[in-house]
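Visitor: Compute the structure for the input listed below.
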Amino acid sequence: MRVIHREVICVNTLQTNDWLILNSIIYEIYTTADFDGMRKKFLEQMKMLVDFDSADFYLAAADGEHKLTAPVMYHCDEDLSDVYDTIDYGRGILYSGKSIVYRETDIMADEVRTKTEYYDKVYKPNRWHYSLQMIIAKDKQFLGVVTLYRNIGKDDFNHDEVFLVDTLKEHMAYRLWQQRQNRIQFGEKLTVSAATEKFGLTRQEHNILHLLMEGKDNSFICDYLAISINTLKKHILNIYRKLGIRNRVQLFKKIREKE
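Guide: Numbering: from 1, shown residues only. As a prediction, the model looks like this:
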């Protein structure tokens with residue numbers, strides 16, 4: 001009952017601007033085609049919602065092993081996955097298979113955690129003190145983790161900020177789960193150049209595929225390449241045939257938007 005009461009307070013104290021930013025973030029989670037671009041944009045937009053100094057966004061290892069991989073970072077440039085995987089005292093929560101948002105101080109008292117090896121190797125070198133984590137999971141499978149850090153001298157994250165981040169966790173879980181399903185079905189995405197080499201696309205097919213991945217419509221492509229719509233359609237069908245796909249949705253699942 002106490003938790004429910006706290007959430008009601010959080011909802012009532014949110015400003016209109018908070019809701020607008022939340023809606024914008026949710027929209028980008030679902031509509032940004034470039035997966036890593038979505039993760040980078042997510043951290044940038046979160047800065048407008050919650051105050052933090054640095055952040056990282058790791059994915060679960062594709063082979064199911066309890067490891068972190070493929071970091072996207074905000075104002076930090078060191079891959080700390082090895083440290084996280086060996087001495088993080090929150091590993092039990094991380095790999096529990098449940099989506100959860102929590103502060104480090106929710107699981108360990110400040111005076112205790114500042115004496116840990118983890119604090120010495122992760123927090124001190126970066127001048128961080130507090131952190132807020134979003135553990136992302138679906139169907140009991142760990143999918144990724146977002147961590148927001150605050151520098152020494154700042155206050156801890158408050159309950160309203162925890163609530164805001166918590167509002168987004170299920171949306172992000174669905175996007176990460178969807179990405180994993182696509183990877184299982186279609187394998188890792190190829191660049192246009194890699195697809196051209198692997199599937200033997202002609203120069204014209206390469207040019208058309210490149211323009212399609214840039215989001216250009218058929219009329220633009222026809223004008224740009226000085227070809228008719230029928231010729232374009234024949235080229236697109238040849239591309240689909242060579243790639244073993246049937247439509248543009250499958251094309252965007254198989255080919256990267258950027259080289």
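Visitor: Which strand or helix spans A33?
Guide: Element membership for A33 (DSSP states H and E) is empty, with no helix or strand holding it.
Visitor: The residue nearest to it when sequence neighbours are not counted sits in which helix or strand?
Guide: Among residues not flanking A33 along the chain, E257 sits closest, at 5.5 Å (CB to CB, 6 or more residues apart in numbering). (Glycine included, C-beta is placed from N, CA and C.) Secondary structure assigned from DSSP H and E places E257 in neither a helix nor a strand.
Visitor: how close does E257 sit to E214?
Guide: As for E257, its distance to E214 is 8 Å (criterion: CB to CB, to the nearest Å).
Visitor: Which one of those two is surrounded by more residues?
Guide: Set side by side, E257 and E214 show more neighbours around E257, with 16 against 12, by other CB atoms under 10 Å.
Visitor: Pull the contacting residues for that one.
Guide: The neighbours of E257, taking CB atoms under 8 Å, 6 or more residues apart in numbering as the test, are A33, D34, G37, M213, E214, G215.
Visitor: Find the helix or strand that the third one is a member of.
Guide: In this assignment (DSSP H and E), G37 forms part of helix 35-49.
Visitor: how's this structure carved up into domains?
Guide: Residue ranges for the structural domains of the chain, counted by automatic domain parsing, are given in the record as 2-186, 192-254.
Visitor: which stretch in those has the least confidence?
Guide: Confidence, taken as mean pLDDT, is least for domain 2-186 of those (a mean of 88).
Visitor: how far is that one from where the chain is centred?
Guide: On the basis of CA atoms, centre = their mean, to the nearest Å, the separation between the geometric centre of domain 2-186 and that of its chain is 10 Å.
Visitor: picking that back up, for ChimeraX, write the selection for the buried entries among the contacts of E257.
Guide: Typed into ChimeraX, the next command selects the buried ones out of those (criterion: 16 or more other CB atoms under 10 Å):
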select :213
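Visitor: can you put the contacts of E257 in CSV and add distance to T105?
Guide: Converted to CSV, the contacts of E257 look like this (distance: CB to CB, whole Å):
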residue, distance to T105
A33, 37
D34, 35
G37, 32
M213, 45
E214, 46
G215, 44
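Visitor: and which of the contacts of E257 is nearest N126?
Guide: Using CB to CB, G37 is the member of the contacts of E257 that lies nearest N126, at 24.8 Å.
Visitor: Look up how far E44 lies from that closest one.
Guide: Per CB to CB, G37 is found 10 Å from E44.
Visitor: Count the residues that sit near V112.
Guide: For V112, the neighbour count with other CB under 10 Å is 11.
Visitor: likewise the one 10 residues further on?
Guide: The number of residues packed near V122 is 20, by other CB under 10 Å.
Visitor: And it, how close does it get to Y74?
Guide: For V122 relative to Y74 (CB to CB), the value is 16 Å.
Visitor: just A61 next, same as before
Guide: Following CB to CB, the distance that separates A61 from Y74 is 22 Å.
Visitor: Then E214?
Guide: Distance check for E214 against Y74: by CB to CB, it reads 26 Å.
Visitor: that older thread, so what touches the helix holding G37?
Guide: With CB under 8 Å, 6+ apart as the test, helix 35-49 has contacts from 18, 21-22, 24-25, 28-29, 32, 52, 55, 57, 70, 72-74, 146, 148, 164-165, 172, 175, 179, 257-258.
Visitor: Quick check: buried residues in that helix?
Guide: Within helix 35-49, judged by 16+ other CB under 10 Å, the buried ones are F35, M38, R39, K40, K41, F42, L43, Q45, M46, L49.
Visitor: Moving C-terminal from that helix, which element do we reach first?
Guide: Using DSSP H and E, the helix or strand that follows helix 35-49 towards the C-terminus is strand 54-60.
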